[in-house]
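Q: Here you go, sequence then predicted model.
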Amino acid sequence: MENLDWKNIGFGYRDSDYNVRCYYREGKWGELEISTSNQISIHIGATCLHYGQESFEGLKAYKGKDGKIRVFRIEDNALRMQASARGILMQELPVEIFKEAVFKTIKLNKHFVPPYESGASLYIRPLLIGTGPQIGVKPATEYLFMVFVMPVGPYFKEGFKPTDYVIYREYDRAAPLGTGNIKVGGNYAASMKAGVRAHNEGYSAVLYLDAREKKYLDECGPANFFGIKGNTYVTPKSESILPSITNKSLRQLALDMGMTVEERKVPVEELAEFSEAGACGTAAVLSPVRSVVDADLNKRYFYGDEPGPVCVKLYNKLIDIQYGCEPDPHGWVTIVE
Ligand code: PLP
Ligand code: COI
């Protein structure tokens, strides 16, 4: 690990030494198993392969100045994975098994947690898949839960630098009453075509509109969206976006800073009224938006080449809590002992 260039690792898959697995068979979850292999062997009829019975999570562990490793809001990820499981009829994983597996995986791979000074972190990827075979469209009777980790830098290679986002009306990532509000693989498959086009055209991500009317903002490909209007933090309320734990945290921090928070339908035209905008998520952290280009209407909403003052304040507050540089008044952080 010593020769990893921590400051420039970017966001991508890397092997670590160990992963942790737990099988659901014959109506019960088994013991956690430790593996050194990055391979799994599954039935050719597994429902995750055919019918998308798959959910994943993303959270991070941070090494503080004090050398301690902290994880952020782990319980929220465990609960969201349960919601995802209910949404596509997979076996729900108890919160305690989720937490134990995450802590175990971090501890086994602790030398992969980047040093404080690098600004990088350890990305944790819990994964739940249907492994039992079905050929009719039915839920599996067997499941596999896994956790693996890797050191990562910023999701958008620019890091905390404003970048451009794009609106295309010809793609949806999720249907209004579909699975957009849970974290299942199908949503990401549905977002790839538009996402790759956006990258090829020089944008960080797509800013999706609501699929029903194309009138309101939904979210950015892999992150939620917010705008700043005067002293107000405005973020879309929608049945088809993922309830982002980062967004929930930023809303609380905005309130703590004396701002007003509005979670409501946000008409596309309101993009013209924001002084700043941002994308937020575990991987994206807070990524300031330089501009949103409405590709269909040939319009550009511009927010600035440098991060705005509210984004700077929210970003610093968030990462200072995550790295343990500031008190954690809301109890978001757990130290990995
Ligand atoms: N929206 C989508 C579609 C995501 O994949 C993610 C990432 O998890 C987010 C939003 C941000 O959620 P969180 O802040 O919980 O990571
Ligand atoms: C995350 O922020 O953890 C995500 O899951 C986003 C992306 C990597 C899919």
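A: Received the coordinates, thanks. Ligands and ions are numbered 1, 2, ... in the order given.
Q: residues touching residue 280, list them.
A: In this structure, residue 280 makes contact with 223-226, 244, 246-247, 250, 286-287, judged by C-beta atoms under 8 Å, 6 or more residues apart in numbering. Every residue, glycine included, has its C-beta placed from N, CA and C.
Q: Residue 273 too?
A: Contact partners of residue 273, counting by C-beta under 8 Å, 6+ apart, are 227, 229.
Q: do that again at 6 Å, thanks
A: residue 229 (C-beta atoms under 6 Å, 6 or more residues apart in numbering).
Q: And it, what's its pLDDT?
A: Residue 273 is assigned a predicted lDDT (pLDDT) of 98.
Q: repeat for residue 155
A: Confidence at residue 155, expressed as pLDDT, is 87.
Q: Any chance of a markdown table for the contacts of residue 280, columns pLDDT, neighbour count and secondary structure?
A: Compiled in a markdown table, the contacts of residue 280 are given as follows (pLDDT from 0 to 100; neighbours: other C-beta atoms under 10 Å; DSSP: H, G, I helix; E, B strand; the rest coil):
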| residue | pLDDT | neighbour count | secondary structure |
| --- | --- | --- | --- |
| 223 | 97 | 27 | strand |
| 224 | 98 | 25 | strand |
| 225 | 98 | 26 | strand |
| 226 | 98 | 31 | strand |
| 244 | 98 | 24 | coil |
| 246 | 98 | 21 | helix |
| 247 | 98 | 25 | helix |
| 250 | 98 | 24 | helix |
| 286 | 96 | 24 | strand |
| 287 | 96 | 28 | strand |
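Q: ok, so of these, who is nearest residue 262?
A: Nearest to residue 262 among these is residue 226, at 9.8 Å by C-beta to C-beta.
Q: a helix runs through residue 107, doesn't it?
A: Yes. Counting by DSSP: H, G, I helix; E, B strand; the rest coil, residue 107 is found in a helix.
Q: Return the distance of it relative to residue 63.
A: Separation of residue 107 from residue 63 (C-beta to C-beta, to the nearest Å) stands at 13 Å.
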